[in-house]
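Student: have a look at this prediction, sequence included:
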Amino acid sequence: MPINAEHAGRRYPATKPYLVTSARIAEFAAAIGDDNPAYTGEEPIAPPTFSTLIAAQAWGALFDDPELEISLHRTMHADQRFRITRSLRTGDLVSATATIEKVRIRGNTEMITVDVALTGADGEDLGSAISQLIHNRQAS
């Protein structure tokens, strides 16, 4: 059965921990064109949108779930919001846990809201990345 509203609440296992490094922070800040000095130096913090790198790893569980029948090549990332508990810092080991929050279906289009909780190695809540994915199902 393809994805539907009954899948809301489905939670996937946490990803392998992602190590936040100063090099990764600097690379990300450069890629988004943000020269904020907080993202450089001896103890940089990551830009708020850096968590997308980690959250995207958790989305893989949805695409790998055969029951949902979601294809990456028919999916568009439509919206992104963040809930930040604290800035990510060099040395953080961050795991991401995806939960399907909401599914709406309009014809062959599925709108899927996914909340990816970000957790530190010690269990600390670091925030979450909430995404809306638009999936176009092939006509039967």
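Tutor: Sure, I can see it. It should be emphasised that the depicted structure is a prediction, and the values quoted were computed from it without experimental measurement. Numbering: from 1, shown residues only.
Student: strands of the chain, residue ranges please.
Tutor: 18-19, 75-84, 93-106, 109-120, 125-136 (DSSP state E).
Student: would JSON lines of those strands with mean pLDDT be doable?
Tutor: Output for the strands of the chain, formatted as JSON lines (pLDDT from 0 to 100):
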{"stretch": "strand 18-19", "mean pLDDT": "97"}
{"stretch": "strand 75-84", "mean pLDDT": "95"}
{"stretch": "strand 93-106", "mean pLDDT": "97"}
{"stretch": "strand 109-120", "mean pLDDT": "97"}
{"stretch": "strand 125-136", "mean pLDDT": "96"}
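Student: among those, which is nearest R11?
Tutor: Comparison of the strands of the chain against R11 by CB to CB identifies strand 93-106 as nearest, at 4.5 Å. Every residue, glycine included, has its C-beta placed from N, CA and C.
Student: what angle do the closest one and strand 125-136 make?
Tutor: Put simply, strand 93-106 runs at 30 degrees to strand 125-136, going by axes from the mean of the first three to the mean of the last three CA atoms, to 10 degrees.
Student: quick revisit: could the strands of the chain be laid out in JSON lines, adding mean neighbour count?
Tutor: Output for the strands of the chain, formatted as JSON lines (neighbours: other CB atoms under 10 Å):
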{"stretch": "strand 18-19", "mean neighbour count": "16"}
{"stretch": "strand 75-84", "mean neighbour count": "13"}
{"stretch": "strand 93-106", "mean neighbour count": "18"}
{"stretch": "strand 109-120", "mean neighbour count": "20"}
{"stretch": "strand 125-136", "mean neighbour count": "20"}
